[in-house]
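Chemist: turn this into a structure:
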Amino acid sequence: MYYILFYKTTEDYLEKRGAYRPEHLDLINKAHAKGDLVMAGALAEPADGAVFIFKGDTTQAAEAFANNDPYVKNGLIVEWQVRPWNVVAGGE
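Modeler: Residues are numbered from 1 along each chain as shown. I've put the predicted structure just below:
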């Protein structure tokens, strides 16, 4: 099963993320290497959110990611949610 983690960012996210970006990217790389995270990326035009695709049996990996993300911990993310995603094409 796939799960999408949606982030909604603060208006000044781009200006504030620099201090937390290395730790955020490290968290992404570790989740990807472990096989929990399939894809991740920021939304553009406007830069007001991000999307992370997780694969697993439960929402646990996605929720743990958000709860440990320095962007969330330091207030750059104003809202996040995990939703199950029923893939009809392109899934493994």
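Chemist: could you report the neighbour count for Ala66?
Modeler: 21 (other Cβ atoms under 10 Å). In short, each C-beta sits where N, CA and C put it, glycine included.
Chemist: how many residues are close by the nearest residue to it once chain neighbours are set aside?
Modeler: Using Cβ to Cβ, 6 or more residues apart in numbering and skipping the chain neighbours, the partner closest in space to Ala66 is Trp80 (4.9 Å). By other Cβ under 10 Å, 21 other residues sit near Trp80.
Chemist: list the buried ones in the helix or strand of the chain with the lowest mean pLDDT?
Modeler: Within the chain, confidence by mean pLDDT, DSSP states H and E is lowest for helix 13-16 among all helices and strands, at a mean of 94. For helix 13-16, burial by neighbour count (16 or more other Cβ atoms under 10 Å) applies to 13, 16.
Chemist: who touches that helix?
Modeler: Applying Cβ atoms under 8 Å, 6 or more residues apart in numbering, the set of residues contacting helix 13-16 from outside is 10, 47-48, 71, 74, 76.
Chemist: PyMOL command to pick out the buried ones of these?
Modeler: To isolate the buried ones among those in PyMOL, judged by 16+ other Cβ under 10 Å, type:
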select buried, resi 48+71+76
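Chemist: secondary structure for the contacts of helix 13-16 - can I get that in a markdown table?
Modeler: Shown next, in a markdown table, are those (DSSP: H, G, I helix; E, B strand; the rest coil):
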| residue | secondary structure |
| --- | --- |
| Thr10 | coil |
| Ala47 | coil |
| Asp48 | coil |
| Tyr71 | helix |
| Asn74 | coil |
| Leu76 | coil |
